[in-house]
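A.B. asks: Sequence first, predicted coordinates after that:
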Amino acid sequence: MSYFYNPKRIYGVFKPGQVASFKISRSKIDLFLQCPRCFYMDRRLGVARPPGFPFNLNNAVDTLLKKEFDIHRIAKSSHPLMKEYNIDAVPFQHEKMDDWRNVRKGIQYIHKPTNLLIMGAIDDAWVNPKGELYIVDYKATSKNGEVTLDAPWQITYKRQMEVYQWLFRKNDFKVSDIGYFVYCNGKADKKAFDKKIEFDIKVIPYKGNTNWIEQTILDIHKCLNQKDIPEMNPDCDYCRYRKVAAQESYKFLKKRK
Amino acid sequence: MSNQKIKISPKALNLYFECPLCFWLEKNKRIKRPAPFPYELNTEVDELLKQDFDKHRVRGGSHPLLEANNIPAELFQNQKLLDEWRDNSRGLRYYDEKLGATLFGVVDDILDFGQGKLAPFDYKSTGKSVVKIYDRFQLQMDVYTYLLEKSGYSTPRKGILAFYVVDKENSFEDKLPFRKEIHIIDTDPSYIQKVFKEAVEFLQKAAPKEHSPECMFGKWLEKSARN
């Protein structure tokens, strides 16, 4: 594969006893919850899972949606989707919006007890007349039937929303428990494909619960400080692959000795 | 080991070039690299394009995209055969008796250049701004050309790639807009038999000692094992 992969990073690696705060993004929080072993190898040992090809069509949808909501942000007007879903809000105007959307910056908060710098980059935030924020995330897919948040793997979307809500609250914003997923579903039954995918767009409200976050950050900190690699999650595809691939390689080595 | 079941696709050949050990593990031990999350939007574009091209196929086989790019070809008219070649469980295939192995490819579409000459026609979609013809696209078109010739068709030794590139300058309005670019590449099936044979014979030997130096999974496994 032609893109860059550094199998043994020297940056972004936690050293026990380090004085500087250590950055943990919302996706690494999710990685920790998916598989502590993969998380530890990545953030403590500098050995990250190899990346896949980028989802550049999904990224393009995000880019275009951002542009579209920005028109309403500047005009301080509500977007037709908000009207359709009876959401009394406008896109939030804030000088830091560009930073919050930038994956290298995002919205940040230093968790004092652990000195972990928690961060996440949002797609959007809307504000209601009471000054409460709704965190918004854009999703794009193509499937038959209605999009929902009901599939077990979508827990990752829910946690994502909750981490953003938590981060904005820690930055002293008033944040509604409700966040919105702007979910774009490519229509498969279109008569003719000329040069566009048409989407059905659904705005799905989700009531976040951020209670788990504090404890998880403490768990992450504990994990980073431990000497031994944590057990793998038995369902982790990467660890299962690593285990069988390593066993096979070991067999060959023995045979050749 | 029975090699009756050896089935090689362009993707597998690509893996063989990228990392022989990963290829060996996948084919002989069913140990596959972890699969990424599915690329649903790309699949969607393929699906929509198939529907659209099929509609024009029934009407006689010309298509505005081919006309606009002055491509002297029509859409292949045998829908039944094309559906077979598009089917993951069948595909365009060639069984080599001496090797006891099958080389196969699943096509998006086929163009008919007249006088029985057929060429592979593949749809590619991307959200990047610039079109790039990766080596794996070339290999794919070379394998398809080889398979068409092995199936008794003559070919113009060309592969046609229709790129659908997201037009980010356009507005969204519930649509992901694309611009279209057609690229015609020359294909060379002359080396395919050789690499097919090489890959199959490779699978019958003992596994290589190491992953290729560029293999990301090999690097990852190695660094993992050291900790």
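C.D. replies: Received, thanks.
A.B. asks: which residues in chain A form strands?
C.D. replies: A:22-25, A:90-91, A:107-111, A:116-120, A:124-127, A:133-141, A:178-186, A:196-207 (DSSP state E).
A.B. asks: These: which one's closest to B:L221?
C.D. replies: strand A:22-25 (24.8 Å; Cβ to Cβ). For glycine as for every other residue, the C-beta is placed from the backbone atoms N, C-alpha and C.
A.B. asks: how many neighbours does A:K15 have?
C.D. replies: Neighbours of A:K15 under the rule other Cβ atoms under 10 Å in any protein chain shown: 11.
A.B. asks: Equivalent analysis for A:P91, please.
C.D. replies: 25.
A.B. asks: For the nearest residue in space to it that is not next to it in sequence, give me its contacts.
C.D. replies: In this structure, A:P91 finds its nearest non-sequential neighbour in A:R73, 3.8 Å apart by Cβ to Cβ, 6 or more residues apart in numbering or on different chains. Applying Cβ atoms under 8 Å, 6 or more residues apart in numbering or on different chains to A:R73 gives the contacts A:90-93, A:97.
A.B. asks: Buried subset of those residues as a PyMOL selection?
C.D. replies: A single PyMOL command selects the buried members of those (16 or more other Cβ atoms under 10 Å in any protein chain shown):
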select buried, chain A and resi 90+91+92+97
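A.B. asks: What is the nearest of the contacts of A:R73 to chain B?
C.D. replies: For the contacts of A:R73, the residue nearest chain B by Cβ to the nearest Cβ is A:P91; the value is 14.1 Å.
A.B. asks: beta partners for that closest one?
C.D. replies: A:W126 (DSSP bridges).
A.B. asks: Could you verify my assumption that it touches A:H72?
C.D. replies: Yes. Under the criterion of Cβ atoms under 8 Å, A:P91 lies in contact with A:H72, with a separation of 5.2 Å.
A.B. asks: what touches both of these two?
C.D. replies: With Cβ under 8 Å, 6+ apart as the test, A:P91 and A:H72 both reach A:H79.
A.B. asks: How about A:P205: what's its closest non-neighbour residue?
C.D. replies: Distances taken as Cβ to Cβ, 6+ apart place A:I178 nearest to A:P205, at 5.2 Å, with adjacent residues excluded.
A.B. asks: next one: B:E84
C.D. replies: Using Cβ to Cβ, 6+ apart, the closest residue to B:E84 is B:R90 (5.0 Å).
A.B. asks: What distance do you get for that neighbour to B:L13?
C.D. replies: 19 Å (Cβ to Cβ, to the nearest Å).
A.B. asks: Also B:V130?
C.D. replies: Where B:L13 is concerned, B:V130 sits at a distance of 26 Å (Cβ to Cβ).
A.B. asks: The two: which is more packed in?
C.D. replies: Counted by other Cβ under 10 Å, B:V130 and B:L13 do not tie: B:L13 has more neighbours, with 23 against 7.
A.B. asks: so the more buried one, which of the three states?
C.D. replies: helix (DSSP: H, G, I helix; E, B strand; the rest coil).
A.B. asks: Now do the same for it: its pLDDT.
C.D. replies: If you check B:L13, the pLDDT there is 97.
A.B. asks: That one against B:K194, yeah?
C.D. replies: No. Contact between B:L13 and B:K194 fails when scored by Cβ under 8 Å: they sit 11.3 Å apart.
A.B. asks: Measure how buried A:K195 is and give me the count.
C.D. replies: So A:K195, with other Cβ under 10 Å, has 15 neighbours.
A.B. asks: Name the helix or strand for B:K180, please.
C.D. replies: Per DSSP states H and E, B:K180 falls inside strand B:175-186.
A.B. asks: relative orientation of that strand and strand A:178-186 in degrees?
C.D. replies: 40 degrees (axes from the mean of the first three to the mean of the last three Cα atoms, to 10 degrees).
A.B. asks: Any buried residues in strand B:175-186, and which?
C.D. replies: Under 16+ other Cβ under 10 Å, the buried positions of strand B:175-186 are B:175-178, B:184.
A.B. asks: Same check on stretch A:217-228?
C.D. replies: A:217, A:219-221, A:223-224.
A.B. asks: Pipe those residues into CSV and attach pLDDT and distance to A:P129 per row.
C.D. replies: Shown next, in CSV, are the buried residues of stretch A:217-228 (pLDDT from 0 to 100; distance: Cβ to Cβ, whole Å):
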residue, pLDDT, distance to A:P129
A:I217, 98, 33
A:D219, 98, 38
A:I220, 98, 37
A:H221, 98, 39
A:C223, 97, 43
A:L224, 97, 42
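A.B. asks: Just give me the residue right at the centre of chain B.
C.D. replies: Centroid-nearest residue in chain B, with Cα atoms, centre = their mean: B:Q140, separated by 4.2 Å.
A.B. asks: so who does the nearest residue to that one once chain neighbours are set aside touch?
C.D. replies: Using Cβ to Cβ, 6+ apart and skipping the chain neighbours, the partner closest in space to B:Q140 is B:P10 (4.3 Å). Counting by Cβ under 8 Å, 6+ apart, B:P10 makes contact with B:105, B:136, B:139-140, B:143-144.
A.B. asks: do that again at 6 Å, thanks
C.D. replies: B:105, B:139-140, B:143 (Cβ atoms under 6 Å, 6 or more residues apart in numbering or on different chains).
A.B. asks: if we can go back for a sec, now, which of the buried residues of strand B:175-186 sits nearest A:V244?
C.D. replies: Nearest member of the buried residues of strand B:175-186 to A:V244, counting by Cβ to Cβ, is B:L176, at 38.6 Å.
A.B. asks: Just the pLDDT at B:P213, thanks.
C.D. replies: In this model, B:P213 carries a pLDDT of 90.
A.B. asks: Could you grab the helix/strand/coil label for it?
C.D. replies: coil.
A.B. asks: so what's B:T126 up against?
C.D. replies: Contacts of B:T126 (Cβ under 6 Å, 6+ apart): A:56, B:165.
A.B. asks: May I ask you to confirm that A:L31 is in contact with A:M41?
C.D. replies: No. With contact defined as Cβ atoms under 6 Å, A:L31 does not reach A:M41; the gap is 10.0 Å.
A.B. asks: Just want to know which of these two has more residues nearby.
C.D. replies: Legend: neighbour count by other Cβ under 10 Å for A:L31 and A:M41, higher for A:M41 (24 against 21).
A.B. asks: Pull the contacting residues for that one.
C.D. replies: Taking Cβ under 6 Å, 6+ apart, one finds A:V47 in contact with A:M41.
A.B. asks: run the last query once more with 10 Å
C.D. replies: Contact partners of A:M41, counting by Cβ atoms under 10 Å, 6 or more residues apart in numbering or on different chains, are A:35, A:47-49, A:229-230, A:232, A:238-239, A:242, B:220, B:223-224, B:227.
A.B. asks: Quick check: the gap between it and B:S190.
C.D. replies: 45 Å.
A.B. asks: if we can go back for a sec, can the contacts of A:R73 go into TSV with extra columns for pLDDT?
C.D. replies: What follows is the contacts of A:R73, written out as TSV (pLDDT from 0 to 100):
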residue	pLDDT
A:V90	97
A:P91	98
A:F92	98
A:Q93	97
A:M97	97
